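[1] Coordinates for the following, if possible.
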Amino acid sequence: MVVTGTRVIYPGDVREKTVQLSNEDDHPNVVQAWVDTNNPNSTPNDADAPFVVTPPMFRMEPKAGQSLRIVFTGQGLPQDRESVYYLNVLQIPPRNEAYKEQNQMLVLLRNRMKLFYRPSGIVGKPADVADQLRFSLAQGANGWHVNVDNPTGYYASFNGASVSVGGRELSLKADMVAPKSQGSWQLDKAGSLPAGAASVRAVLVNDYGAQIEIKQELKR
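    Sure, this is the predicted structure:
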């Protein structure tokens, strides 16, 4: 099962958003789709996000395509920043009739991707995020970490980050940073940092799944 794109952007001024699916298998699949808030273990029965997906359950023939319609049903979300949810697409394969008299194990495949609700009133553009992020180095009770300040109204998603200092390259536990907030990334196995200039390298992921490299000097 292939889902078009790496994320879903839902503009606040549209009635619905369409996501395209394709079944690349040589057999049919049953597919279920739903949206949750932030529960990796969610099911269609306890989906709690303010979105309706249609059709919620359907059969896809081999080498066929299907459109999912996502409709926002809620209200009262912040209008100056994005809100994040998760679209789930569950693929249920058929039983193998050649072995119908034997025990079979069915492997269910779930694709889970971010869905960003993006109000039209956000100041600035998504392309501005990379230039507005600010990084700083700090030491706390759990060792060294990098603070990431995101003053924009957009989520900042990353695919890895590291700190260069004293000839060493130290990896960071990079997480998504919410709009108008600050994230804290722990340095992996840093211990005591060597003397010398330090810099951070972070890989930002944009709306289209492209990676943008950010480099900044760090002050201690």
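[2] Outline the domain layout of this structure.
    By the assignment in automatic domain parsing, the chain contains the domains 2-118, 126-218.
[3] Just the endpoints, please. Distance across the first one?
    The straight-line separation of the ends of domain 2-118 (CA to CA, to the nearest Å) is 24 Å.
[4] what mean pLDDT does that domain have?
    Per-residue pLDDT over domain 2-118 has a mean of 92.
[5] again with stretch 213-220
    Averaging pLDDT residue by residue across stretch 213-220 gives 92.
[6] pull the CA atoms of that stretch into CSV?
    Output in CSV follows, covering the C-alpha atoms of stretch 213-220 (Å, rounded to 0.1, in the frame of the first residue of the first chain):
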residue,chain,number,x,y,z
GLU,A,213,20.3,21.5,6.3
ILE,A,214,20.6,24.2,9.0
LYS,A,215,24.0,25.1,10.5
GLN,A,216,24.5,27.5,13.4
GLU,A,217,27.2,28.4,15.8
LEU,A,218,26.4,27.6,19.5
LYS,A,219,27.2,29.8,22.5
ARG,A,220,28.0,28.1,25.8
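[7] Let's check: the centremost residue of the chain is which one?
    residue 114 (4.0 Å; CA atoms, centre = their mean).
[8] is it true that it touches residue 157?
    Yes - the criterion here is CB atoms under 8 Å, and residue 114 meets it with residue 157 at 7.3 Å. Bear in mind the C-beta positions are built from the backbone N, C-alpha and C, glycine included.
[9] Find residues that contact each of the two.
    Residues touching both residue 114 and residue 157 (CB atoms under 8 Å, 6 or more residues apart in numbering): residue 7.
[10] tally of neighbours for the residue nearest to residue 42 when sequence neighbours are not counted?
    Excluding the flanking residues, the one nearest residue 42 by CB to CB, 6 or more residues apart in numbering is residue 36, at 3.7 Å. Number of residues near residue 36 (other CB atoms under 10 Å) recorded here: 21.
[11] partner residues bridging residue 36?
    Applying DSSP bridges to residue 36 gives these bridge partners: residue 86.
[12] so it touches residue 50, yeah?
    No - counting by CB under 8 Å, residue 36 stays clear of residue 50, with 10.9 Å between them.
[13] Put the alpha carbons of stretch 70-81 into CSV.
    The C-alpha coordinates for stretch 70-81 follow below in CSV (Å, rounded to 0.1, in the frame of the first residue of the first chain):
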residue,chain,number,x,y,z
ILE,A,70,-10.6,14.0,5.1
VAL,A,71,-13.1,16.6,6.6
PHE,A,72,-12.4,18.8,9.6
THR,A,73,-15.4,18.6,12.0
GLY,A,74,-14.1,20.5,15.0
GLN,A,75,-13.8,24.1,16.1
GLY,A,76,-12.0,26.2,18.6
LEU,A,77,-8.4,25.4,17.4
PRO,A,78,-5.8,28.1,17.7
GLN,A,79,-5.8,30.3,14.6
ASP,A,80,-2.2,31.6,14.9
ARG,A,81,-0.4,28.3,14.8
